[in-house]
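Asker: Got a predicted model here, sequence first, then my questions.
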Amino acid sequence: MERQRGRETEGLAAVSNGMGKTGVDLQPKQKESTMIQPDLFDLEKPPDKIADRFVAWKQTDGAKRVLEDLYRLAAGCFKEYLNYGIRLSMKYLYEVERRKIRIVRAQLKREGKDLELENGYRLNNDFTALIVRHMIERRPSWEEMFETRKRKEEKRY
C-alpha cells in the first residue's frame, strides 16, 4: 500500500511539472524566437505586402475582368454623381460585383465547370482602397466621387 501511494504521488508530481507518467514531456516546446528586433535608428520601412499582393492580383486574367466590371459600374455611378452629387462607396461596388461573381460561378457550375479562385476572378477586401486609387489615377475626374483617406505610405498603383 505504501509502495503504491509512492507511485501515485510520483505520477502526480511528474504530471504537475509537465512530465507524463511515462516520463514524456507533455508541455509544448517553446519555439526559440528568430525575430530580430529592429534597430531603433533603422528608418527603412517593411514593404507594403498588401500592395505587392494587389500588383500580383492585377496581372491575373480574372482580375482584369473584375476591374473592367468595377470601372463600368463606377462610370454609371459617376453620371449620377454629376447629376445629384451623391458620392460613391467602393464597398457598394464590391457588393454589386461580388453578386455578379457568384452568378457567374453558379452558371459555370451548372455547366459542369468550376472557376478556380487562383485565377483572380474574386475580390479581396484588402484591395478596396487600392482599387479606388487605381481608378482615380486613371480617371482623375472621379476623385471627388470617392472619399479616400491618406495612407501611411502613398504609392502609385
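Answerer: Yep, it's here.
Asker: Remind me which helix or strand Tyr107 belongs to.
Answerer: Quick fix: residue 107 is Gln, not Tyr. helix 90-110 (DSSP states H and E).
Asker: got the buried residues for that helix?
Answerer: Met90, Leu93, Tyr94, Glu97, Ile101, Arg105 (16 or more other Cβ atoms under 10 Å). Backbone N, C-alpha and C define where each C-beta goes, glycine included.
Asker: I'd say the fifth one and Asn124 touch.
Answerer: No: the criterion here is Cβ atoms under 8 Å, and Ile101 misses it with Asn124 at 11.9 Å.
Asker: Any chance you could list residues touching both of the two?
Answerer: Common contact partners of Ile101 and Asn124 (Cβ atoms under 8 Å, 6 or more residues apart in numbering): none.
Asker: Dump the longest helix that the chain contains to CSV, restricted to CA.
Answerer: With secondary structure taken from DSSP state H, the chain has its longest helix at helix 61-84. The C-alpha coordinates for helix 61-84 follow below in CSV (Å, rounded to 0.1, in the frame of the first residue of the first chain):
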residue,chain,number,x,y,z
ASP,A,61,-7.0,37.3,-66.2
GLY,A,62,-9.8,37.3,-63.6
ALA,A,63,-8.6,40.5,-62.0
LYS,A,64,-8.6,42.3,-65.4
ARG,A,65,-12.2,41.2,-65.8
VAL,A,66,-13.2,42.2,-62.3
LEU,A,67,-11.5,45.6,-62.7
GLU,A,68,-13.3,46.2,-66.0
ASP,A,69,-16.6,45.5,-64.3
LEU,A,70,-15.8,47.8,-61.4
TYR,A,71,-14.8,50.6,-63.8
ARG,A,72,-18.1,50.1,-65.7
LEU,A,73,-20.1,50.2,-62.5
ALA,A,74,-18.3,53.3,-61.3
ALA,A,75,-18.8,55.1,-64.7
GLY,A,76,-22.5,54.6,-64.4
CYS,A,77,-22.4,56.0,-60.8
PHE,A,78,-20.3,58.9,-61.9
LYS,A,79,-23.2,60.1,-64.1
GLU,A,80,-25.4,60.0,-61.0
TYR,A,81,-22.8,61.9,-59.0
LEU,A,82,-22.6,64.6,-61.6
ASN,A,83,-26.4,64.9,-61.7
TYR,A,84,-27.2,64.6,-58.0
